[in-house]
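[1] quick one: sequence plus predicted model below, questions after.
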Amino acid sequence: QVHLVESGGGLVQAGGSLRLSCAASGRTFSTYTMGWFRQAPGKEREFVAATSWSGGTTYYTDSVKGRFTISRDNAKNTVDLQMNSLKPEDTAVYYCAADIHSSSAYFRRINPEYWGQGTQVTVSS
């Protein structure tokens with residue numbers, strides 16, 4: 001069982017940066033593939049980024065490549081999403097997710113087993 005709590009959302013101007021953090025409970029955090037999804041108003045949820053259990057492999061959706069960086073600290077049971085050069089189209093509720101069965105390569109195609117409650121990111125133009 002994994003409990004996920006996101007933090008770090010807020011309001012930022014276009015071009016600015018935010019860092020989201022996801023704190024996980026559970027002794028087996030390091031065995032889970034972790035990732036971030038987002039959902040904008042009126043749109044379907046979409047994959048943003050994923051990291052393997054070791055943090056050695058990462059994947060991103062094309063629209064955030066070069067701007068967002070996912071990282072994890074297994075000693076602290078956290079996974080972060082550094083978001084730079086933010087655009088208004090990045091506005092969404094961002095969700096942290098975890099799954100023990102999926103690799104990071106397939107994380108975008110699955111419905112992860114565990115989800116956080118979400119944190120709002122709003123980018124003004």
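    Thanks, I have the structure now. Numbering: from 1, shown residues only.

[2] residue contacts, Thr57?
    Thr51, Ser104, Ala105 (CB atoms under 8 Å, 6 or more residues apart in numbering). Quick note: C-beta positions are derived from backbone N, CA and C, even for glycine.

[3] most neighbours among those residues, which one?
    Thr51 (24 neighbours; other CB atoms under 10 Å).

[4] in the protein, which residue is most central in space?
    Trp36 (2.2 Å; CA atoms, centre = their mean).

[5] these two touch, right, that residue and Tyr95?
    Yes - checked against CB atoms under 8 Å, the pair Trp36 and Tyr95 is within contact range at 6.8 Å.

[6] helix or strand right after the helix or strand harbouring the residue nearest to the centre of the chain?
    Trp36 belongs to strand 33-39 when elements are defined using DSSP states H and E. Of the helices and strands lying after strand 33-39 in sequence (DSSP H and E), the nearest is strand 46-51.

[7] how near is the residue nearest to the centre of the chain to Lys87?
    According to CB to CB, to the nearest Å, Trp36 and Lys87 sit 16 Å apart.

[8] ok, now which ones touch the residue nearest to the centre of the chain?
    Here Trp36 is in contact with Leu20, Cys22, Val48, Ala49, Ala50, Ile70, Val79, Leu81, Tyr94, Tyr95, Cys96, Ala97 (criterion: CB under 8 Å, 6+ apart).

[9] can you put those in a markdown table and add secondary structure and pLDDT?
    Compiled in a markdown table, the contacts of Trp36 are given as follows (DSSP: H, G, I helix; E, B strand; the rest coil; pLDDT from 0 to 100):
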| residue | secondary structure | pLDDT |
| --- | --- | --- |
| Leu20 | strand | 98 |
| Cys22 | strand | 97 |
| Val48 | strand | 98 |
| Ala49 | strand | 98 |
| Ala50 | strand | 97 |
| Ile70 | strand | 98 |
| Val79 | strand | 97 |
| Leu81 | strand | 98 |
| Tyr94 | strand | 98 |
| Tyr95 | strand | 98 |
| Cys96 | strand | 98 |
| Ala97 | strand | 97 |
